[in-house]
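>>> structure, please.
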Amino acid sequence: MGGAIGREALELALSHPLERTNFSWLGKRSEGKVWDSYSLGDGTRLAIASDRLSAFDRVLSTVPLKGAILAALSAWWFERTRDVAANHLRGMPDPNVLWVLECQPIPVEFVVRAYLTGRSPTSIWTHYAKGERRFGGHALPDGLVRNAPLPRPILTPSTKAPKGERDQSLSKDELFAQGLINPSLYEEAESIALALFERGQAICQSRGLILVDTKYEFGIAPDGRLLLIDELHTPDSSRFWLEEDYHAKFPKGEEPLSLDKEFIRQWLMERGGADGLVQIPPEVRIELAKRYIEVYERLVGGPLSITQVEGPVQRIERNLRAHSFGSKKVKGKVIIRLKKEVLDPQGDVVCKALRALGFDKVREVRVGKLVEVVMDGGDEELALKELQAMSEKLLTNPVMEESEVVIEGVSPNSLHGPEDKKLSPP
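Coordinates of the predicted model:
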């Protein structure tokens, strides 16, 4: 499986994994099971997809190029579902990096399921096999078998547990009782999640894939909008089957080929390694990478292209700095006006006009020019010297004019953000 990325490239990537980043110059860092995230202090953040592999709520190893696949696929899906759900994506400055709007995450995962499958303790099949006929607040009919399609896709929410803890499936009423989300917000997110899943299923079917189940995460933007956040329809957050393979194997009671993380869960359980203590050999990690690449290339319709496999941390830093992420800016202004001892006819005209409009307390007006400047670097003292030198050059008549320099502050990152046109996702 897999197209343009051959075994040699995967072996090279295996020896140069993106395990984690530590870009202290970017801002406050937080680390999830797979994604590193940096709050830039300007209402946006950078989400960096690592190659870390997690299963059974533990980080186990790395998978070659996994982070690049997750980031690229998420960006691809975000662009193709904007008419269904507004999302947080602003751009993609590096193959592993999403530049996103900073939101307040809702502590609920919206899991949509279309098939009776899964192996984890929280999976719908695990509960059904024990005789349970309600799951996530939904009644399930008798007589279903493993991997059977459900009568219709259902939303089964769960808590979003902190790193190292296990998510818990709850009904919506239980979520309300625990104060994790209010009913109106839940209904809005539920409607969006089911619409996203319908779109995802249709696109996957056109590519010979089945979107079995997936999870969605939402957040509240600074302006109060509900936005789709995190990743979208990736092999980490979803299950994918090959449509032809599933229809051939399901009638025989055989397991369909998993093009997602279910492959590694099954491999671990067969070896008693659900506790995460079994070491995963290189060939298994490469096989998982091939399956992820298969999903990417079927969906996108072209090969996964990574121009530099070695030194991913250095490549990411180079690309982020090239787009001015993390570079502090100083904002200042230069005011040019006539000296006080020089008559200002324009100021007199404006002063009389303002008094005629009823502003009786105006006694004097000086008219001048305002020049606003944004400079690289975070040193206010050096910026002040630069602005003073600029102000001297801006004086057209030093005998009659004077200048005033004001430093307005230092921004932790770009005051206006990198240009979106430079950060187009795939």
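>>> name the spans of this protein whose pLDDT lies under the cut-off.
Applying pLDDT under 70 to the chain flags the ranges 1-4, 161-165, 274-276, 307, 377-378, 410-426.
>>> try it again with 50
Low-confidence segments of the chain, defined by pLDDT under 50, are located at 1-3, 414-422.
>>> what helices and strands are in contact with the longest helix anywhere in it?
If you go by DSSP state H, the chain has its longest helix at helix 183-206. When contacts are defined as 3 or more CB pairs under 8 Å, 6 or more residues apart in numbering; DSSP states H and E, helix 183-206 sits against helix 66-80, strand 108-115, strand 149-159, helix 172-177, strand 209-220, strand 226-229. All C-beta atoms are positioned from the backbone trio N, CA, C, and that covers glycine.
>>> okay if I get those as JSON lines plus distance to residue 91 and mean neighbour count?
Shown next, in JSON lines, are the helices and strands packed on helix 183-206 (distance: least, CB to CB, whole Å; neighbours: other CB atoms under 10 Å):
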{"stretch": "helix 66-80", "distance to residue 91": "9", "mean neighbour count": "24"}
{"stretch": "strand 108-115", "distance to residue 91": "25", "mean neighbour count": "22"}
{"stretch": "strand 149-159", "distance to residue 91": "30", "mean neighbour count": "18"}
{"stretch": "helix 172-177", "distance to residue 91": "33", "mean neighbour count": "15"}
{"stretch": "strand 209-220", "distance to residue 91": "18", "mean neighbour count": "23"}
{"stretch": "strand 226-229", "distance to residue 91": "15", "mean neighbour count": "22"}
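>>> and residue 241, which of the ones you listed is closest to it?
The closest of the helices and strands packed on helix 183-206 to residue 241 is strand 209-220. By CB to CB, the value is 4.4 Å.
>>> kindly report the domain assignment for the protein.
As assigned by automatic domain parsing, the chain contains the domains 7-324, 329-411.
>>> so what's the residue count around residue 360?
9 (other CB atoms under 10 Å).
>>> the helices in the stretch 1-150 of the chain, which residues?
7-14, 66-80, 124-129 (DSSP state H, counting those that start in this stretch).
>>> list the buried ones in the longest helix of the chain?
By neighbour count on 16 or more other CB atoms under 10 Å, the buried set for helix 183-206 is 186, 189-190, 192-194, 196-197, 199-201, 203-204.
>>> would you put the C-alpha positions of it in CSV?
Only the C-alpha atoms of helix 183-206 are listed here, as CSV (Å, rounded to 0.1, in the frame of the first residue of the first chain):
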residue,chain,number,x,y,z
PRO,A,183,-28.7,21.7,25.7
SER,A,184,-28.8,24.4,23.1
LEU,A,185,-25.1,24.2,22.3
TYR,A,186,-25.3,20.4,22.2
GLU,A,187,-28.1,20.5,19.7
GLU,A,188,-26.1,22.9,17.5
ALA,A,189,-23.0,20.7,17.6
GLU,A,190,-25.0,17.5,17.1
SER,A,191,-26.6,18.9,13.9
ILE,A,192,-23.2,20.0,12.6
ALA,A,193,-21.5,16.6,13.5
LEU,A,194,-24.2,14.5,11.7
ALA,A,195,-24.0,16.8,8.6
LEU,A,196,-20.2,16.5,8.6
PHE,A,197,-20.4,12.8,8.8
GLU,A,198,-22.9,12.6,5.9
ARG,A,199,-20.5,14.7,3.8
GLY,A,200,-17.5,12.6,4.9
GLN,A,201,-19.3,9.3,4.0
ALA,A,202,-20.3,10.6,0.6
ILE,A,203,-16.7,11.8,-0.3
CYS,A,204,-15.2,8.5,1.0
GLN,A,205,-17.7,6.4,-0.9
SER,A,206,-16.7,8.2,-4.1
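>>> I'd say residue 327 and residue 374 touch.
No: between residue 327 and residue 374 there is no contact, the gap being 11.1 Å when judged by CB atoms under 8 Å.
>>> between those two, which one's more packed in?
Each of residue 327 and residue 374 has its neighbours counted (other CB under 10 Å); residue 327 has more, 17 against 13.
>>> so who does residue 260 touch?
Shown in contact with residue 260 (CB atoms under 8 Å, 6 or more residues apart in numbering): 235-236, 238-240, 291-292, 295.
>>> looking at these, spot the one nearest residue 130.
residue 239 (20.5 Å).
>>> tell me the secondary structure for that closest one?
With DSSP: H, G, I helix; E, B strand; the rest coil as the basis, the three-state label of residue 239 is strand.
>>> look up the closest residue to it, ignoring the ones flanking it.
Spatial nearest neighbour of residue 239, chain neighbours left out: residue 212 (3.7 Å); criterion: CB to CB, 6 or more residues apart in numbering.
>>> ok, the one you found to residue 235 distance?
Distance, residue 212 to residue 235, using CB to CB, to the nearest Å: 11 Å.
>>> related to what we said a few turns ago, would you reformat the helices and strands packed on helix 183-206 as JSON lines and include distance to residue 268?
Formatted as JSON lines, the helices and strands packed on helix 183-206 follow (distance: least, CB to CB, whole Å):
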{"stretch": "helix 66-80", "distance to residue 268": "16"}
{"stretch": "strand 108-115", "distance to residue 268": "21"}
{"stretch": "strand 149-159", "distance to residue 268": "21"}
{"stretch": "helix 172-177", "distance to residue 268": "30"}
{"stretch": "strand 209-220", "distance to residue 268": "19"}
{"stretch": "strand 226-229", "distance to residue 268": "29"}
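>>> burial count for residue 281?
Quick note: residue 281 (other CB under 10 Å) scores 11 neighbours.
>>> give me phi/psi at it?
The phi/psi pair for residue 281 (degrees, to the nearest 10) reads phi -70, psi 160.
>>> show me the one of the helices of the stretch 1-150 of the chain that comes nearest residue 391.
Across the helices of the stretch 1-150 of the chain, closest to residue 391 is helix 66-80 (CB to CB), at 44.1 Å.
>>> contact partners for residue 81?
Residues in contact with residue 81 (CB under 8 Å, 6+ apart) are 87, 196, 199-200, 228, 232.
>>> about what we covered before: out of the domains of the chain, which is the most enclosed?
Of the domains of the chain, the one with the most neighbours on average (mean count of other CB atoms under 10 Å) is domain 7-324, at a mean of 18.
>>> now do the end-to-end distance for it.
Taking CA to CA, to the nearest Å, the first and last residues of domain 7-324 lie 35 Å apart.
>>> and the contacts of stretch 383-401?
Here stretch 383-401 has contacts from 330, 332, 334, 336-339, 342, 369, 371, 373, 375, 377, 402-405, 407, using CB under 8 Å, 6+ apart.
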